[in-house]
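Trainee: No letters, just coordinates:
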Ligand code: ADP
Ligand code: DP6
Ligand code: CO
């Protein structure tokens with residue numbers, strides 16, 4: 001019995017924000033300066049797969065560990081530690097209430113995780129990664145935790161991860177409690193509400209970004225004047241307009257807000273001192289190509305957005321696949337290394353822990 005290995009696996013999807021999170025009001029609790037809204041992409045195409053195991057036979061001198069994409073990765077960081085602490089405390093409460101349960105909370109945890117898309121390149125690996133980490137350990141510990149509760153924990157690992165616990169269209173409400181107890185995600189609409197939505201991922205570079213999201217946003221908060229305008233005025237307007245566009249399945253509005261918000265976020269990066277540039281020449285060529293496609297169609301059929309990296313995500317509707325994907329491929333075929341078109345993931349908030 002003493003060498004029994006307990007194990008649980010899960011996958012988690014990537015989400016790409018259409019109103020971006022950028023800025024922390026409390027870096028320790030990982031609380032944001034603004035609310036944000038994202039679309040969860042299908043984990044049939046982009047996903048993290050994480051297995052968590054624990055055993056009394058794992059030497060306690062080794063402590064907890066994470067093998068990420070085949071390499072030993074640091075778990076000593078305060079944010080990973082916060083996730084472990086929250087999950088262990090909940091397991092310990094179960095063990096205290098029922099003495100017959102094995103004392104998993106006292107055993108070292110080994111995590112083995114793999115992303116099937118570029119890590120730390122602006123395609124939300126920290127979002128899928130921490131959502132999977134938290135859910136894998138919650139499954140291992142057999143915690144009766146809801147997606148909202150897991151969202152609250154995943155937020156402490158990486159802010160954007162709180163949104164990857166839900167499918168469809170997802171908002172992270174910034175909250176106002178000092179302890180962060182109201183800063184988590186909720187589902188704005190299920191994937192089936194707007195089933196013809198598509199996302200095209202253009203891998204411009206799979207290289208690790210020069211400035212991590214965590215560090216970039218803290219530099220922006222500390223030095224950008226434009227950022228103050230963004231959190232006070234631009235984001236609240238964009239959140240309201242985006243929720244309305246989704247409710248009404250109004251693609252032209254969805255697209256305009258998406259592109260404006262991406263531009264606003266990258267403008268605050270340029271206004272950071274010293275400036276931060278996540279987009280490159282190919283990213284800018286993708287923006288121009290989307291503008292050409294929309295002009296040629298005489299209506300808005302495509303929307304670009306860029307996270308903290310050069311890789312583009314293009315939202316469009318299924319019926320416009322040929323003009324959008326066809327034209328982008330024609331214009332950028334020689335410069336973009338990887339193309340993947342995908343759909344919106346349909347995880348439901350009520351789903352059981354390791355489905356989807
Ligand atoms: P991205 O744009 O990919 O989200 P970030 O700078 O936000 O880039 O975060 C990248 C970091 O997220 C990685 O260096 C790693 O620490 C963490 N991360 C990525 N994937 C995983 C994973 N599968 N499990 C745990 N942590 C991960
Ligand atoms: C540009 O969630 O990666 O992708 O909380 O420091 O881990 P940390 O940051 P992270 O930031 C994501 C920034 C963004 C926009 C977004 O996803 O909303
Ligand atoms: Co990230």
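Mentor: Yes, it's here. Bear in mind that the values here come from a model prediction, so they are computed numbers and not experimental data. Ligands and ions are numbered 1, 2, ... in the order given.
Trainee: May I have the phi/psi pair for the residue in the stretch 101-250 of the chain that ligand 3 sits nearest to?
Mentor: Among the residues of the stretch 101-250 of the chain, residue 126 lies nearest to ligand 3; the distance is 3.2 Å by C-beta to the ion. Every residue, glycine included, has its C-beta placed from N, CA and C. Here is the backbone geometry of residue 126 (degrees, to the nearest 10): phi -70, psi -30.
Trainee: Tell me which helix or strand residue 200 sits in.
Mentor: Mapping residue 200 onto the secondary structure by DSSP states H and E places it in strand 197-203.
Trainee: now swap in residue 215 and tell me
Mentor: Assigned by DSSP H and E, residue 215 belongs to helix 213-223.
Trainee: coming back round to it: how about the strand holding residue 200, does it get close to ligand 1?
Mentor: No. If you take C-beta under 6 Å from any ligand atom as the test, strand 197-203 misses ligand 1, and the best it gets is 12.3 Å.
Trainee: Does that strand reach ligand 2?
Mentor: No. Strand 197-203 lies out of reach of ligand 2 by C-beta under 6 Å from any ligand atom, never closer than 13.7 Å.
Trainee: Let me know the average pLDDT across that strand.
Mentor: For strand 197-203, the per-residue pLDDT values average out at 97.
Trainee: Which other helices and strands does it contact?
Mentor: Packed against strand 197-203 by the contact rule (3 or more C-beta pairs under 8 Å, 6 or more residues apart in numbering; DSSP states H and E) you find strand 312-317, helix 321-332, strand 338-343.
Trainee: and the stretch 51-200 of the chain, which of its residues are near ligand 1?
Mentor: Taking C-beta under 6 Å from any ligand atom as the criterion, the contact residues of the stretch 51-200 of the chain with ligand 1 come out as 68, 113, 115, 119-127, 129-130, 133.
Trainee: Distance check, the residue of the chain found nearest ligand 1 against residue 258.
Mentor: When you check the chain against ligand 1 by C-beta to the nearest ligand atom, the closest residue turns out to be residue 129, at 2.4 Å. Distance of residue 129 to residue 258, computed by C-beta to C-beta, to the nearest Å: 24 Å.
Trainee: From what I see, the residue of the stretch 101-250 of the chain closest to ligand 3 and residue 213 are in contact.
Mentor: Yes. Using C-beta atoms under 8 Å, residue 126 and residue 213 qualify as a contacting pair, with a distance of 6.8 Å.
Trainee: my read: residue 92 touches residue 105, true?
Mentor: Yes. Under the contact definition of C-beta under 8 Å, residue 92 touches residue 105, with a separation of 4.4 Å.
Trainee: what's the helix or strand for the residue nearest to residue 235 when sequence neighbours are not counted?
Mentor: If you skip the residues right next to it in sequence, residue 235 has residue 34 as its closest partner in space, 4.3 Å away by C-beta to C-beta, 6 or more residues apart in numbering. Secondary structure from DSSP H and E places residue 34 outside every helix and strand.
Trainee: Once you drop chain neighbours, what's closest to the residue sitting nearest the centre point of the chain?
Mentor: Central residue check for the chain by C-alpha atoms, centre = their mean: the C-alpha nearest the mean position is that of residue 127, 3.1 Å away. On the basis of C-beta to C-beta, 6+ apart, the spatially nearest residue to residue 127 that is not a chain neighbour turns out to be residue 160, at 3.9 Å.
Trainee: Am I right that that neighbour is in a helix?
Mentor: Yes. With DSSP: H, G, I helix; E, B strand; the rest coil as the criterion, residue 160 is assigned to a helix.
Trainee: which residues of the stretch 251-356 of the chain score low on pLDDT?
Mentor: For the stretch 251-356 of the chain, residues meeting the criterion pLDDT under 70 lie at 348-356.
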